[in-house]
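J.: quick one, fold the following:
(one chain, ligands or ions: 2)
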Amino acid sequence: MEAEDVPEVVLTANGRLGQAVKVITNHQAHKFSLAGVQMKFSMKERDGRYSLAEDNGELGDWIIKTPSTQHVDVPLNEFTAMTLAAMAGVDIPELKLVEMEKLDNLPSIKLPDEKFAFAIKRFDRNNNTRIHMEDFAQVLVKYPHEKYNSANYEQIGRILFQYSGDGLADAQQFARRLLVNILLANGDAHLKNWSLLYKDKITPRLSPAYDIVTTRVYMRDEREYALNLGKTKEWYKVDLSHFEAWAKKADIPWRAIKPHMADVMDRARAQWPQALSNLPMKDGHKELLSQHWQALRADFQI
Ligand SMILES: Nc1ncnc2c1ncn2[C@@H]1O[C@H](COP(=O)(O)OP(=O)(O)O)[C@@H](O)[C@H]1O
Ligand SMILES: [Mg+2]
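T.: Ligands and ions are numbered 1, 2, ... in the order given. Predicted coordinates:
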């Protein structure tokens, strides 16, 4: 909507919000994260059942992502992709697939006939207190609609290496995740899917990973990951030399990154094909993921 059409009550409802800005969203319409496609709820778990957190005055300790009305079996996809990521050394929170009937007091929303929701433990909660987190759109002072095109992975890497409480460990983990996102055909690793966590309230650290989904199975013509890395975004063109260029540009010593790339590839090649056959992703999606593995450059083929 036009900025001048925003009702006064909206602008004054929050003390810090004084100015409306029109958001142009057309350019990302083809991307996976279409607003409203998949609903998320912050919920509190008790005896295997989940209820909306605000309803009982407590903070939620799980984020529950219900099935999508637009894309089939997203919860199974995300559970599978995140589990494979963990096998390749990506730091992830506790995950679950929760039967839909275990979710209490959901608002009346349109839901497809699928059995499971995806549940991920909140890392920005410690019992009933909040841990501050900040995503990279916030860090780089970008609007949410700029999340695909206003920055690159060199900028994030440089910030992590320079400012994190453990710059080297976080840069290594970041590089590992970048590669895993390519291997898993996740085209959605944009600025808002990377965050800093301030566990001691002062020192930023890269947060655990979240929102790793094999988006390629929903966007058949998808060929690109979200942000530039070594001047390319193309899954079927990227190889180790782009990661080397990335490290150089981000001022991170390549010799400290290279062994992590090799370790990701060793683990993925040794464990993923077998693991995938036992994970709950939809069969047609497994097939597409295996085809993606074959189509990657030699450095990254599985
Ligand atoms: N485990 C988690 N702990 C804390 N915050 C999280 C967690 N998972 C996701 N989030 C937050 O919730 C937002 C939405 O979750 P995400 O999985 O990215 O869903 P979407 O597919 O809608 O982008 C994220 O951008 C992040 O800020
Ligand atoms: Mg997200």
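
J.: drop to CA atoms for contacts and neighbour counts, all remaining ones
T.: Fine.

J.: and residue 152, how close does it get to ligand 1?
T.: Distance, residue 152 to ligand 1, using Cα to the nearest ligand atom, to the nearest Å: 17 Å.

J.: and the pLDDT at that residue?
T.: Residue 152 carries a pLDDT value of 96.

J.: what about residue 46, neighbour count?
T.: Other residues near residue 46 come to 8 when the count uses other Cα atoms under 10 Å.

J.: cool, residue 285 as well?
T.: Neighbour count of residue 285, defined by other Cα under 10 Å: 18.

J.: correct me, but it touches residue 217?
T.: Yes: between residue 285 and residue 217 there is a contact under Cα atoms under 8 Å: 5.9 Å.

J.: now stretch 289-299, how far from the centre of its chain.
T.: 21 Å (Cα atoms, centre = their mean, to the nearest Å).

J.: cool, and stretch 211-228?
T.: Relative to its chain's centre, stretch 211-228 lies at 12 Å (Cα atoms, centre = their mean).

J.: how long is that stretch end to end?
T.: With Cα to Cα, to the nearest Å as the measure, stretch 211-228 spans 19 Å from end to end.

J.: pull the residues that contact that stretch.
T.: Contact partners of stretch 211-228, identified using Cα atoms under 8 Å, 6 or more residues apart in numbering, comprise 32, 71, 74, 77-78, 81-82, 148-149, 151-153, 181-182, 184-190, 193, 233-236, 285, 288-289.

J.: which residues touch the residue in the chain that ligand 1 sits nearest to?
T.: For the chain and ligand 1, the shortest gap (Cα to the nearest ligand atom) falls at residue 122, measuring 3.3 Å. Neighbouring residues of residue 122 by Cα under 8 Å, 6+ apart: 60-63, 93.

J.: next one: residue 265
T.: 88, 300, 302.

J.: please identify the buried residues of the helix or strand in which residue 256 is found?
T.: For residue 256, the element it lies in under DSSP states H and E is helix 254-278. Judged by neighbour count using 16 or more other Cα atoms under 10 Å, the buried positions of helix 254-278 are 254, 257-258, 260-261, 264-265, 268-269, 272, 276.

J.: and the contacts of the very next helix or strand once past that helix?
T.: Proceeding N to C from helix 254-278, the next assigned helix or strand is helix 283-295, under DSSP H and E. Residues from elsewhere that reach helix 283-295 (Cα under 8 Å, 6+ apart): 77, 183-185, 214, 217, 236, 276-277, 300-302.

J.: if you set the cut-off to 10 Å instead, what comes out?
T.: 72-73, 77, 80, 182-185, 214-218, 220, 235-237, 269, 272-273, 276-277, 279-281, 300-302 (Cα atoms under 10 Å, 6 or more residues apart in numbering).

J.: among those residues, name the buried ones.
T.: If we count by 16+ other Cα under 10 Å, the contacts of helix 283-295 have these buried: 72-73, 77, 80, 182-185, 214-217, 235-236, 269, 272, 276, 279-281, 300-302.

J.: keep the residues you listed, but drop any that are not near ligand 1.
T.: Under the cut-off given by Cα under 6 Å from any ligand atom, ligand 1 has nothing from the buried ones among the contacts of helix 283-295 close to it.
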